[in-house]
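Novice: Build me a structure from this.
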Amino acid sequence: MQSTNDFSFENWHDYEVGSRREIISLLRSIGEKNQLIRMLIDGEADVCVTSILEVDPDTNTLILDRSINGEQNLRILASGRLSFETTLDKIRILFASDSVTETTFEHRPALQIAVPDTLVRLQRREYYRMATPLNNPVRASVTLPPELGGGSALFPLADISCGGIAMLDNKFMLGNTIGVNYPGCRIDLPDIGTVTTTLQVRNSLDLTLLNNKTNRRLGCQFIDIPGASLALVQRYITKLERERNARIAGLS
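Specialist: Below is the predicted model:
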């Protein structure tokens, strides 16, 4: 059975769609609009970009385009779980599958999964990301496990949302294992307060900068974040949004 546990932000059950008719309608709309879909292979850092080729309610199947990378296709087929993320009319759509098989579509190789039993549909405000300031970076203090040397280390944030953060691991201290939890992390939000939560690594991207140095961007999800801390995050995002709008108004 498919679920949305991979994306379980606090209170996301409020945005879960369980109606089969609505799920099929949403998936068909995604396919008809040729929306690209990020497909994350369970336990791996690489992401495949795919698209919906066909939704067949009679056979309860969803046909997806294959990766252009043959080795990646092998990893996809061997994966125990796949997570999918896309947007439709600025609404974020998330779903997952526990199995995938090979098939053909219009005489071309393709991938096949079951139509998900549920999916998550998030309005823009629930996942809206704000870039954090570059001149005065916000930092997350991450408690390192013994295998990483213990203690704690600071990592500058790239952006923040009510679901999580993206932080920069310039020294490659944390690795890139998807699904790893770092409990007791602290994020000091200027003029707002301190957020304490568990961070779970959800995606990893290695970047090559203009000076040829490499950097790693880790997308992290808040896990079981307390309501009071989530309220601080919301206040900080609102603060950043107001400051940005003020700058735009000053330039107009």
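Novice: Where does residue 92 fall, secondary structure wise?
Specialist: Per DSSP states H and E, residue 92 falls inside strand 91-97.
Novice: let me redo that: residue 167
Specialist: Here residue 167 is assigned to strand 164-168, by DSSP H and E.
Novice: residues of the helix or strand following that strand that come out buried?
Specialist: Using DSSP H and E, the helix or strand that directly follows strand 164-168 along the chain is strand 181-189. Residues of strand 181-189 classed as buried under the neighbour-count rule (16 or more other CB atoms under 10 Å) are 182, 185, 187, 189. Where you see a C-beta, it was placed from the backbone N, CA and C, and this is true even at glycine.
Novice: CA atoms only for strand 181-189 - export them in PDB, please.
Specialist: Provided in PDB are the C-alpha atoms of strand 181-189 (Å, rounded to 0.1, in the frame of the first residue of the first chain):
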ATOM      1  CA  ASN A 181      17.700  11.900  11.700                       C
ATOM      2  CA  TYR A 182      19.600  14.500  13.700                       C
ATOM      3  CA  PRO A 183      17.700  15.100  17.000                       C
ATOM      4  CA  GLY A 184      18.000  18.200  19.200                       C
ATOM      5  CA  CYS A 185      18.900  20.600  16.400                       C
ATOM      6  CA  ARG A 186      18.700  24.300  17.300                       C
ATOM      7  CA  ILE A 187      18.000  27.100  14.800                       C
ATOM      8  CA  ASP A 188      18.300  30.700  16.100                       C
ATOM      9  CA  LEU A 189      15.900  32.900  14.200                       C
END
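Novice: Where do the helices of the stretch 1-150 of the chain begin and end?
Specialist: 20-32, 70-78, 124-127 (DSSP state H, counting those that start in this stretch).
Novice: pLDDT weak spots in the stretch 101-250 of the chain?
Specialist: Scanning the stretch 101-250 of the chain for pLDDT under 70 picks out the ranges 123-127, 209-210.
Novice: where along it do the strands fall?
Specialist: 101-105, 108-114, 119-122, 130-131, 139-143, 152-160, 164-168, 181-189, 193-208, 214-223 (DSSP state E, counting those that start in this stretch).
Novice: So which of these is nearest residue 26?
Specialist: For residue 26, the closest of the strands of the stretch 101-250 of the chain is strand 119-122, at 6.9 Å, according to CB to CB.
Novice: about what we covered before: between the strand holding residue 167 and strand 139-143, how big is the angle?
Specialist: Counting by axes from the mean of the first three to the mean of the last three CA atoms, to 10 degrees, strand 164-168 lies at 90 degrees to strand 139-143.
Novice: if we can go back for a sec, how about a markdown table for the helices of the stretch 1-150 of the chain, with distance to residue 146 and mean neighbour count added?
Specialist: Converted to a markdown table, the helices of the stretch 1-150 of the chain look like this (distance: least, CB to CB, whole Å; neighbours: other CB atoms under 10 Å):
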| stretch | distance to residue 146 | mean neighbour count |
| --- | --- | --- |
| helix 20-32 | 44 | 16 |
| helix 70-78 | 30 | 14 |
| helix 124-127 | 34 | 15 |
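Novice: For residue 249, which residues are in contact?
Specialist: Listed by CB atoms under 8 Å, 6 or more residues apart in numbering, residue 249 has no contact partners.
Novice: now the end-to-end length of stretch 73-85.
Specialist: End-to-end span of stretch 73-85 (CA to CA, to the nearest Å): 18 Å.
Novice: Touching that stretch from outside, list them.
Specialist: With CB under 8 Å, 6+ apart as the test, stretch 73-85 has contacts from 6-7, 37-44, 46, 48, 50, 66-67, 92-102, 111, 113.
Novice: Save the buried residues of strand 181-189 as JSON lines, and put in distance to residue 119 too.
Specialist: Formatted as JSON lines, the buried residues of strand 181-189 follow (distance: CB to CB, whole Å):
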{"residue": "182", "distance to residue 119": "28"}
{"residue": "185", "distance to residue 119": "29"}
{"residue": "187", "distance to residue 119": "29"}
{"residue": "189", "distance to residue 119": "31"}
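Novice: Check the gap between residue 94 and residue 88 for me.
Specialist: Going from residue 94 to residue 88 by CB to CB, to the nearest Å gives 11 Å.
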